[in-house]
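>>> what follows is a predicted protein model with its sequence.
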Amino acid sequence: MESLSTLDEKQTLELLKSLNQTEILEAFDKATPEERKGLVDQVNRLNGAYPGGLKGYYNQALGLLKNAKEDVNPYEGYIPDVPKGLKLDHYSPDIHEYEAIGLEEIKNTAFVLVAGGLGERLGYNGIKINIPAELITKAPYIQYYAEYILAYEKRSGATEIPLAIMTSDDTHELTVKVLKEHNNFGLKEGQITIVKQEKVPAMIDNEAHFALEAGKLRIDTKPHGHGDVHTLLYQYGLAKKWNEEGKKWIVFFQDTNLLVFRSVLPAIGVSKKNNYEVNSITVPRKPGEAVGALCSLSKEGEKNLTVNVEYNQIEALFKASGATEKTDAAGYSVFPGNINCLIFSIPEYNVVLNDTKGLIAEFINPKYADSTKTKFKSSTRLECMMQDYPKFLKSNDRVGVTQIDRVFSFSACKNDVKSAAAKFKSGLPAESASTSEYDLYRQNEELLKIVGVDVEQPAPEHKQDFEGIEINFGAKVVLKPSFGVTLKELKSRFQGTNRISSQSTAVFEGEIKVENLTLDGSVRVTKDVKDLTYDKKNYVTFDKLDGVPTEEYLKIRGFKEKGLENIETI
C-alpha cells in the first residue's frame, strides 16, 4: 500500500502551520509529550490515507466550502436526458443470452463488497454483513456472497474469483473475526482482501479549520464515504494486480442487497455485449422517490456525463434546465433508480486509477447556524460516493445502465422497525430486515414460477402485522447458490410437475434433480427427488415476538421463527 513519507514532530508542525491550523498549534504548545506524539501519529495517518495528503484535502475543502456558501449548483447549465442502456426482463427468453455471456465472463471477474457501516441504524449491534438474511437457514449475508462466488467458480471453471471487502474503523475487527471464525465461509486463504478506509478531518468553519475532539489534542474525524473504495483499490494495488492477472470486470456491491446476485450475471453480459466501461444496475423509480436517478447530462462546452443525481438534487436539476421528468404508462420515471451495484471494465479502470489515485469527485454539505453562513451547527467534512466515478472519465460513450425489476435486483436492509413502519405507512419501501427477508422469498418464488414450478399464493387472511409492517408470507423457499445461478440451470433442476403450497418451507441445495414433487410441509432437499408427495404439514411459521427478544436479529425483524426443528431433510 502506497503512503507518503513519515513526518517527524517538526515537519508535522510545519504542515499544520501551512494549513492555517492555529487552534491545533496552540493546543500543541500546552500538551504533554505523550499527547504531542499522539497527534503526530494521527497526522501521519491522515496525511498518508488521503491522495495528495492533508494539504490536498485542505485545498479541496476551501474550494468546496466557498461554493457551498455561494450556493453554487454543481449541475448549473446541464440538460438531463435519458441514459443509454437496456431493460432486462427475467420473464423474457432474452435473459438466457445475457446470463450465458455473464457466466462465461465471471471467471474473469473480481467482486468488491462495500461494508464500512455498522447496523446501528437497524438497531443491530454488529456488522450488517453478519445479519442472517433469512431465518430458515440463518445464513448471514456474507455467507450468501461467498456461496455465490463458490457457485460461480464451479460453473465457470474459474480457479479463484477474488473478493475485496472495504471496512472502516467501526467494522474492521468484527469483519476479520467473523471471517476467521467461519473459515472464510469456504473461500480460500488469500482469496479475500480486506481494505480499510480511514476517516478524514472534520472542519468547523469556512476556512477549513480542523475540529478537535473535546478536551483532547486529537483531530476530530468523520467518514469520507464509500467513494474511498476507489482510493483503496489503488493504494492496495488491487486493480493493478487484477489487470495483470487478466481479469476483465469488477462488480461493486453493498452490504445487504442480496437480491442483486440474481442479476449480476446478465448485467455482466450486457457490459460485454455492449462494450461498456461502466455499467450501473438500476431499478424502476417514481418521481419524488428517495432514490438517486441515473441521468445523461449535457452542457455546452463541457463533456457529456452519465452519472447518478442524488434524489435531493433532482428537482433543482430539472427546474434549472427547464425540463420535466417524464414517466411511462406505469408511472415510472424514464430516469432509472440507482442501487449502487456497478460493473467496471478493469483495464480502463486501472488507467483512471493511475491518473487520479482513486480520488473521485467530492462534495460537502455544511449545516449552517444562520443565514450568514459563517458558522456551522456542527462540524462537516468532505464526502465522496463510489457511483460518482464516471465524472472522471474522458468520454461518456461507453457508460450505460442496465435496468432490472426490483424483485430480481434490489431490497435493502437498513431501517429499524419503527422507522420502517413509518415508511410503510406512507406507502414507501420499508427497507427493513423483515421486508428484505420477505423480498428474498418473493424473488425465489418468482424464479420458480418462471421455470415452471407451481407455487400457491397465500390467502389474504394470512397477512400479519409485524411492528406496523403488514406482510403476507407465502411459501418460504430458499434457493441456495449451489442449486443454480442462472434461470437455465434452475429450469434444468425441475422436471415434470412440481407444486409447493403457500404454507410450505423448502430449502434446495446442491446440483440435484427434482421431479414431480408435491409439497405441503417443510423440507430440506439435498439429493434427487422423484415422484414424491410430501404432505406432513410440518409448517414453519413466523410469529410476533413475546416481549423483547435477546437475539437482535429477531428484534430488528419484529418476528421469530417457529418449527425449524420440524424441517425434514430428504
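Happy to help now that I have it.
>>> and the residue nearest to residue 445 when sequence neighbours are not counted, what does it touch?
Beyond its immediate neighbours in the sequence, the residue positioned closest to residue 445 (CB to CB, 6 or more residues apart in numbering) is residue 455, lying 5.0 Å away. To be clear about C-beta, it is placed using only N, CA and C from the backbone, and glycine gets the same treatment. Applying CB atoms under 8 Å, 6 or more residues apart in numbering, we find residue 455 in contact with 445, 448, 449, 474, 475, 477, 499, 500, 502.
>>> same thing but 6 Å
Residue 455 is in contact with 445, 448, 449, 475, 500, counting by CB atoms under 6 Å, 6 or more residues apart in numbering.
>>> let's see which of those end up in strands.
Applying DSSP state E to these, the entries found in strands are residue 500.
>>> relative to residue 98, how far out is residue 51?
When CB to CB, to the nearest Å is applied, the distance between residue 51 and residue 98 equals 36 Å.
>>> higher neighbour count, these two?
Regarding residue 51 and residue 98, a neighbour count based on other CB atoms under 10 Å identifies residue 98 as having more, with 23 against 18.
>>> how about the helix or strand of the chain with the lowest mean pLDDT: buried residues?
Lowest on mean pLDDT, DSSP states H and E among the helices and strands of the chain sits helix 311-321, with a mean of 86. Buried residues in helix 311-321, counting neighbours by 16 or more other CB atoms under 10 Å, are found at 311, 313, 314, 317, 318, 321.
>>> okay if I get those residues as CSV plus distance to residue 111?
Below are the buried residues of helix 311-321 laid out as CSV (distance: CB to CB, whole Å):
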residue, distance to residue 111
311, 27
313, 30
314, 30
317, 32
318, 35
321, 37
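>>> which one of these is nearest residue 441?
Nearest to residue 441 among the buried residues of helix 311-321 is residue 311, at 28.2 Å by CB to CB.
>>> quick check: the closest one touching residue 287?
No - judged on CB atoms under 6 Å, residue 311 makes no contact with residue 287 at a distance of 10.0 Å.
>>> how far does whichever strand or helix holds residue 229 sit from the chain's center?
Mapping residue 229 onto the secondary structure by DSSP states H and E places it in helix 228-235. Here the centre of mass of C-alpha atoms in helix 228-235, compared against the chain's by CA atoms, centre = their mean, to the nearest Å, lies 16 Å away.
>>> would you mind writing the CA trace of it as CSV?
Taking C-alpha atoms only, helix 228-235 is exported to CSV below (Å, rounded to 0.1, in the frame of the first residue of the first chain):
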residue,chain,number,x,y,z
ASP,A,228,-13.0,5.7,-0.7
VAL,A,229,-13.2,2.2,-2.2
HIS,A,230,-11.5,3.6,-5.4
THR,A,231,-8.7,5.1,-3.5
LEU,A,232,-8.1,1.9,-1.5
LEU,A,233,-8.1,-0.3,-4.6
TYR,A,234,-5.4,2.0,-6.0
GLN,A,235,-3.4,2.2,-2.7
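>>> average model confidence for that helix?
In this model, helix 228-235 carries a mean pLDDT of 96.
>>> who are the packing partners of that helix?
Counting contacts by 3 or more CB pairs under 6 Å, 6 or more residues apart in numbering; DSSP states H and E, helix 228-235 packs against no other helix or strand.
>>> now do the helices in the stretch 401-550 of the chain.
Ranges of helices in the stretch 401-550 of the chain, per DSSP state H, counting those that start in this stretch, are 417-425, 433-450, 487-493.
>>> compute the inter-axis angle for the second one and helix 417-425.
Orientation of helix 433-450 against helix 417-425 (axes from the mean of the first three to the mean of the last three CA atoms, to 10 degrees) gives an angle of 50 degrees.
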